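>>> Need a 3D model of the sequence below.
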Amino acid sequence: MSPPMPQPQTEAQIPLTMADLRRLLTAFLDEVPARLILHPETAPIARAIDHMQLSDHLAGRFTLAVVGAMKAGKSTLVNALVGQELAPTGVSETTATINRFRFGPAEACRKFRVHWRDGSTADLPITEIRAFVFGSDRAVRTHWLELFAQARFLERVELVDTPGGGSVEAAHGELTRSFLGERESRDWGGRADAILYALTPAALHADGTQAQELLTWFGAASRLPGASPANSIAVLQKWETLEPDPLAARDRLVATARKALSGQVWEVLAVSGLIGLACLNVDPGVWARLARLAREASQEVLDELLSVADLFVDEVPGAGLPVADRRAVREALPWPVLRFAVRLAQRRGLADGPALAQAMWEISGIDQLRALLEQRFGAITDLVRAGTILRRTRTPCGQALALLRELVTTRSAALACKEQRRRALVERNDPTLAEDCAGLAEDVARGRDDLARLAESERVVDRVVDRLERAVEAFDGDLDALDRLAGARFTELERAELRCLFGGGGTALDLAGRLGRPVAPLAHAEARLQVWQGRRWSGGGDERRLSQQAAERYQMIVTALESMP
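Numbering: from 1, shown residues only. Take a look at the predicted model:
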C-alpha cells in the first residue's frame, strides 16, 4: 500500500483536489464578503454570500433532487430507484413536502423522521407517511421529511423528492424553487448538486412544438442557476400508457426530448417508475398468469379484455385465464402496467412468468438509470459538486464586480468635479471663501479614501472572480473529458488512467486519486507527462484533444507535487 500523499502548502492556481477547492472557497469567503461589507451599496451582496453557506454545502452530502411537473410520477420513480415503497403516491397531487432519502440500516428503513417547522423532530413508523400528503395539516407544519433505504447509490448520493411544479398549491412550487434556487436560506443546509427531471408525454409533442415551453419551465422553476448540463439528467415517465405501440412512441419522444433539451441536460432516458415498482412488489405468480393469458387467449379476446379495466374481470369465453385469476392480477397491478405486460408478452412470445418479469424489469429502465446515476453522480460526486459550488459564486461575484466598477467610475467623476471646484476656489484667493475651501478639501480627502477602498475592493473581487472562473473551466473540462473518453480510441489501460486523471476514478478527488495512487507520485507524474506530451500530436479528434488535456493535467500535478515539502 502506498504511503499517504502530503498536501501542497501553497494554493494551486487552478484547483485539482477538494483540498484545493476548500482553500479557494476559504479565500473567497475570507476576502470577498469582508470587502463588500465596507460599502453600503455592496453590503447586501456580502450578506447574500453568507446565506449561501458554501462551506456547509462542501461538507455535506451530494444531493440529487428529483423535480418535475405535478403528477409526473416523481415519487413513484423515487420509490422504484430506492427499491422500497416509501414516498406516498396517488392519482392526484400527493407530495407536499421536501422528502430526503438517505442510506440507513434495515431498522431505520421502518421509520421516517419529521423535521417540523418549529425546529423539533419526531421519528414515526413508515406506515404513517400518508398523513403528510397534499392537503394534510401535518404537511403544512412540516419543514422536511427524512426517509431511509438501503439502495447502493444512496451510500454516496442523497435523493430529494420535491413537490410538483405547476402545483394547484402555489406554495409547493415555491418550496421547490426555494430549495433549488438563489433564494435558498440556511434552513435547507445546502441546495441540490444535481437534478433529475421527470418528464411526461404531455410535456412533449412528437413535433417538438412544446420544447420552448419546456425549456422556459426548466430555466424559471427548476434548473440550477448557472448549472452545467453535466449536472442534469431527464427521464421520460408514463410512456407505458401511449397507444398504439408504447415502445415505439417512447423512443420517438425520447429523441424529441434529446433534441429539445440539447445543451440543457446531459442525458435523456425512458424510465417507468410504475413498471419498475410493480416488478419489485408483485408476486411472481402474477407474471405467470399474464403470460398464460397472452399465450392462450385469441387476439379478439385480448382486445376485448384490455379495452376497459372493468371488462378485464368479466366472464369472457376463450379467455384462457379464469375470472378469479384475472381479478387477482387486476388487484395486484396498476391497469397501465397490466395492459402493457399482456401486450408485451403477446408481441414477444413470452410464454412464462420469469421471462415476462425479466422483460418488464429491463423495459422499466430502473437498472439503467441506477447505473447512470452511479456512473454520473456516484463515481464523480466530488467533481460534479466542485463545479456546482464554484458556479454558485458566479452570480454574487458578478453582481459585486459590476457594481464596484460602476461605483469606481461614478465616484471618480464626482471626485474630479470636486477637485476642480476646490482648485477654482484656491485660485480666487478670497479669504471669505476659506471655510468653503476647507470643506471642499475635506470632501475631496474623504472621496479619495472612499475611492481607494472601492478600487481595492474591485481589485480583490476581480482577482477572486478570475480564479473562480478558471476553476470552473478546469472542472468543466474534466467532466467534458470523461464524456469524450467513452468514444475515444484508447486502450483499456489508457482509459482507466485517464478516468482517474480527470477525476472519475470513483475515489476522493485528490492528487493520489488522480494518479491512481502510485508508490512514487512525482516520478510517476513526470513519466506520464512525457508520455502524453508525446501523444499530443498523434491521432486526431477526441484522441488528440484528450491527450493534450492529459499532458496539461500532469503538468499541473507535477507543479503541485514539486511545491510540497
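
>>> What is the neighbour count of the nearest residue to residue 108 once chain neighbours are set aside?
Among residues not flanking residue 108 along the chain, residue 148 sits closest, at 4.1 Å (CB to CB, 6 or more residues apart in numbering). C-beta coordinates here come from the backbone N, C-alpha and C atoms, glycine included. For residue 148, the neighbour count with other CB atoms under 10 Å is 23.

>>> Pull up the pairing partners for the helix or strand harbouring residue 148, direction included.
Using DSSP states H and E, residue 148 maps to strand 142-149. Applying DSSP bridges to the sheet, strand 142-149 is found paired with strand 98-103 (parallel), strand 111-116 (antiparallel).

>>> how many other residues sit next to residue 245?
Residues lying near residue 245 (other CB under 10 Å) number 12.

>>> per-residue pLDDT, it?
On the pLDDT scale, residue 245 is placed at 92.

>>> list the contacts for the residue nearest to residue 108?
Residue 148 sits next to 101-105, 108-109, 111-112 when contact means CB atoms under 8 Å, 6 or more residues apart in numbering.

>>> hang on, the earlier thing: pLDDT on the strand holding residue 148, on average?
Averaged over strand 142-149, pLDDT sits at 88.

>>> With only the CA atoms kept, save the helix or strand just after it in PDB.
Using DSSP H and E, the helix or strand that follows strand 142-149 in sequence is strand 157-161. Taking Å, rounded to 0.1, in the frame of the first residue of the first chain, the C-alpha atoms of strand 157-161 are listed here in PDB:
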ATOM      1  CA  VAL A 157     -25.900  10.300  -3.000                       C
ATOM      2  CA  GLU A 158     -28.800  11.800  -1.100                       C
ATOM      3  CA  LEU A 159     -32.000  11.700  -3.200                       C
ATOM      4  CA  VAL A 160     -34.600  14.500  -2.700                       C
ATOM      5  CA  ASP A 161     -38.200  14.200  -3.800                       C
END
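
>>> Report all helices and strands that strand 157-161 contacts.
Strand 157-161 sits against strand 62-68, helix 74-82, strand 98-103, with contacts defined as 3 or more CB pairs under 8 Å, 6 or more residues apart in numbering; DSSP states H and E.

>>> The same query, at a cut-off of 10 Å, please.
The helices and strands touching strand 157-161, judged by 3 or more CB pairs under 10 Å, 6 or more residues apart in numbering; DSSP states H and E, are strand 62-68, helix 74-82, strand 98-103, strand 142-149, helix 170-180, strand 194-199.

>>> That one: how far from the chain's middle?
What separates the centre of strand 157-161 from the centre of its chain is 10 Å, taken as CA atoms, centre = their mean, to the nearest Å.

>>> Just the CA coordinates for stretch 142-154, please, in PDB.
As requested, the backbone C-alpha atoms of stretch 142-154 are provided in PDB (Å, rounded to 0.1, in the frame of the first residue of the first chain):
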ATOM      1  CA  THR A 142     -43.600  20.100   8.200                       C
ATOM      2  CA  HIS A 143     -40.200  21.600   7.200                       C
ATOM      3  CA  TRP A 144     -39.000  18.400   5.500                       C
ATOM      4  CA  LEU A 145     -39.100  14.600   5.900                       C
ATOM      5  CA  GLU A 146     -36.100  12.300   6.200                       C
ATOM      6  CA  LEU A 147     -36.600   8.700   4.900                       C
ATOM      7  CA  PHE A 148     -34.100   5.800   4.800                       C
ATOM      8  CA  ALA A 149     -33.400   3.000   2.300                       C
ATOM      9  CA  GLN A 150     -30.600   0.600   1.500                       C
ATOM     10  CA  ALA A 151     -30.200   1.300  -2.200                       C
ATOM     11  CA  ARG A 152     -26.500   1.200  -3.000                       C
ATOM     12  CA  PHE A 153     -26.200   4.600  -4.700                       C
ATOM     13  CA  LEU A 154     -27.700   6.300  -1.500                       C
END
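
>>> quick one on the thing from earlier: could you single out the most deeply buried of the strands paired with strand 142-149?
Among these, the stretch with the highest mean neighbour count (mean count of other CB atoms under 10 Å) is strand 98-103, at a mean of 22.

>>> what angle separates that strand from strand 62-68?
Inter-element angle recorded for strand 98-103 and strand 62-68: 140 degrees (by axes from the mean of the first three to the mean of the last three CA atoms, to 10 degrees).

>>> gap between the spatially most central residue of the chain and residue 67?
Centroid-nearest residue in the chain: residue 194, 0.7 Å away (criterion: CA atoms, centre = their mean). Between residue 194 and residue 67 the computed distance is 11 Å (CB to CB, to the nearest Å).

>>> Repeat that for residue 427.
Taking CB to CB, one finds residue 427 at 68 Å from residue 67.

>>> How about residue 152: what's its closest non-neighbour residue?
Nearest non-adjacent residue to residue 152, counting by CB to CB, 6+ apart: residue 374, 7.3 Å away.

>>> Quick check, that neighbour in contact with residue 504.
No: between residue 374 and residue 504 there is no contact under CB atoms under 10 Å: 11.9 Å.

>>> Between the helices and strands packed on strand 157-161, which has the poorest mean confidence score?
Mean pLDDT across these is lowest at helix 170-180; the value there is a mean of 44.

>>> Can I get the helices and strands packed on strand 157-161 in TSV including distance to residue 241?
What follows is the helices and strands packed on strand 157-161, written out as TSV (distance: least, CB to CB, whole Å):
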stretch	distance to residue 241
strand 62-68	16
helix 74-82	13
strand 98-103	25
strand 142-149	27
helix 170-180	24
strand 194-199	14
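
>>> Minimum distance to residue 129: which of the ones you listed has it?
Nearest to residue 129 among the helices and strands packed on strand 157-161 is strand 142-149; the distance by CB to CB comes to 7.8 Å.

>>> Report the angle between that closest one and helix 74-82.
In terms of direction (the same axes, to 10 degrees), strand 142-149 departs from helix 74-82 by 30 degrees.

>>> just the angle between strand 142-149 and strand 157-161, please?
130 degrees.

>>> quick revisit: going by distance to residue 245, which of the contacts of residue 148 wins?
residue 101 (34.0 Å).

>>> which ones are touching the closest one?
Shown in contact with residue 101 (CB atoms under 10 Å, 6 or more residues apart in numbering): 64, 66, 78-79, 81-82, 84, 86-87, 112, 145-149, 151, 154, 157-161.

>>> which residues does it bridge with?
Here residue 101 sits in beta bridges with residue 147, residue 159, going by DSSP bridges.

>>> Now residue 491, what are its backbone angles?
Backbone torsions for residue 491, taken as degrees, to the nearest 10, come to phi -70, psi 160.
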